[in-house]
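>>> sequence-free structure coming up:
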């Protein structure tokens, strides 16, 4: 299918599809007239990509793991392992944000909030 049809079917812009092609997330064949032609399974893959993004995976992570994930069953251990790793990353980030919030809260109303905490001058 051509890029315009793929864009219409997935709700993604042509520019996004070109970018995805540039970074290797999708592959299209070039026809003699220069048009891109994408196989039908590209639409399914792009829905997978969008779902993975909503679950917090970056395009780099999707590209890195994509080749081995394209054909695995939904219940595959590899998917569970990726989800478990993402959960660890989310937990670590939540701990960082909790610490940041506590630091910001401790600086409210202290004069210059950009000075190092517990520093006297």
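Yes, it's here. Predicted model, so just to flag it, every value in this text is computed and none were measured. Numbering: from 1, shown residues only.

>>> Report pLDDT for residue 11.
On the pLDDT scale, residue 11 is placed at 96.

>>> Give the burial count for it, as a bare number.
10 (other Cβ atoms under 10 Å). Where you see a C-beta, it was placed from the backbone N, CA and C, and this is true even at glycine.

>>> and it, how far is that from residue 76?
Distance, residue 11 to residue 76, using Cβ to Cβ, to the nearest Å: 27 Å.

>>> before we move on, what about residue 96?
30 Å.

>>> for residue 82, same thing?
10 Å.

>>> got any residues that touch both of those two?
The contact sets of residue 82 and residue 76 overlap at residue 69 (Cβ atoms under 8 Å, 6 or more residues apart in numbering).

>>> neighbour count winner among residue 96 and residue 76?
residue 76 (13 against 10).

>>> Return the distance of the more buried one relative to residue 20.
Counting by Cβ to Cβ, the gap from residue 76 to residue 20 is 23 Å.

>>> Check residue 65 too.
Applying Cβ to Cβ to residue 65 and residue 20 gives a distance of 15 Å.

>>> Do you have the strands of this protein handy? List them.
29-30, 36-37 (DSSP state E).

>>> who's more crowded, residue 65 and residue 20?
residue 20 (21 against 16).

>>> Look up the closest residue to that one, ignoring the ones flanking it.
residue 26 (4.9 Å; Cβ to Cβ, 6 or more residues apart in numbering).
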